[in-house]
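*Asks:* Dropping the sequence and predicted coords here.
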Amino acid sequence: MSATAKKMAPMPADILAQKGGTPLVVLTAYTTPVAQLTDPHCDIVLVGDSVGMVLHGLSSTIGVTMEMMVMHGAAVKRGLQNAMMVIDMPFGSYEESPEQAFRNAATLMRETGAAAVKLEGGVAMADTIRHLTSRSIPVMAHIGLTPQAINTLGGYKVQGRGEDRKRVMDDAKAVAEAGAFSVVLEKVPANLADEITAEIPIPTIGIGASAGCDGQVLVVDDMLGLFTAFKPKFAKRYATLGEDADAAIAAYASEVRARTFPAAEHVFGDAIPEKKK
Ligand code: KIV
């Protein structure tokens, strides 16, 4: 896709059809202006629950609420014309039962205009994915490192090494069989990601996985260098906007203190009233 070409936003079925084709480009966005920046370049824009850590200063994604997702989802949708929007189901909004998942997924789609939801979990979530997809809710699955489960996974560790390999492969097969139209593989060994990509019929979208996946996703604030609290190995920085912002704010502060800002071109003269005839 050319960076400027206009196109119709793809539907989940179009994404599914791209299995094995040109790699899918996915980035997160949480606001209208960033959505506008990502829109011409991405196939999918994901309103990730990473919003909690990136924009709200939470220490994990566990504190993210439906209200936060609805607010950010609606904002992102206003900035999109070309890319398909997928929205994360936050922790606690889908795990209890397929019915709970349907209610909250429907709310997210209705209130934000998202074309699909993403939820974390493999074998354990297969029935829920089946329930949603058979009721008109397209699902992107998320397996491997599932950040909402850090308390049971024991932190942000690589998943699927050694004897754990089969568990992650089983998760991939289960979500594909349940009807997910794509699956995020987070922080799994590259050769396992390649094996899963070859094995299942739906696109794999890697993050800390392999260039052999059917697509890649990054957190936009990570790749722009705006989120600097920590840097995962897979989060390649394509810009240093955090450093640029720091320099700009420091320059502003020093000019204010030196009274060199505002200068003549930033202030208004007094209008001379026209003489009455
Ligand atoms: O919340 C998020 O941003 C995500 C991506 C990292 C895949 O789930």
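*Replies:* That came in fine, so what should we check first?

*Asks:* Name the nearest residue to the residue in the stretch 1-150 of the chain that the ligand sits nearest to, ignoring sequence neighbours.
*Replies:* Minimum separation of the stretch 1-150 of the chain from the ligand (Cβ to the nearest ligand atom) falls at residue 48, amounting to 2.3 Å. C-beta coordinates here come from the backbone N, C-alpha and C atoms, glycine included. Using Cβ to Cβ, 6 or more residues apart in numbering and skipping the chain neighbours, the partner closest in space to residue 48 is residue 28 (4.2 Å).

*Asks:* for the single nearest residue of the stretch 51-200 of the chain relative to the ligand, what are its contacts?
*Replies:* The nearest approach of the stretch 51-200 of the chain to the ligand comes at residue 184, 4.8 Å away (Cβ to the nearest ligand atom). Contact criterion Cβ atoms under 8 Å, 6 or more residues apart in numbering gives 118, 140-144, 204-207, 217 as the residues in contact with residue 184.

*Asks:* filter these down to the ones near the ligand?
*Replies:* The overlap between these and the neighbourhood of the ligand (criterion: Cβ under 6 Å from any ligand atom) consists of 142, 207, 217.

*Asks:* would you turn the residues you listed into a markdown table with pLDDT, secondary structure and neighbour count?
*Replies:* Formatted as a markdown table, those follow (pLDDT from 0 to 100; DSSP: H, G, I helix; E, B strand; the rest coil; neighbours: other Cβ atoms under 10 Å):
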| residue | pLDDT | secondary structure | neighbour count |
| --- | --- | --- | --- |
| 142 | 98 | strand | 31 |
| 207 | 98 | strand | 23 |
| 217 | 98 | strand | 27 |
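
*Asks:* related to what we said a few turns ago, let me know whether my guess that the residue of the stretch 51-200 of the chain closest to the ligand is in a strand holds.
*Replies:* Yes: going by DSSP: H, G, I helix; E, B strand; the rest coil, the assignment for residue 184 places it inside a strand.

*Asks:* does residue 175 belong to a helix or a strand, and which?
*Replies:* With the criterion set as DSSP states H and E, the secondary-structure element containing residue 175 is helix 165-178.
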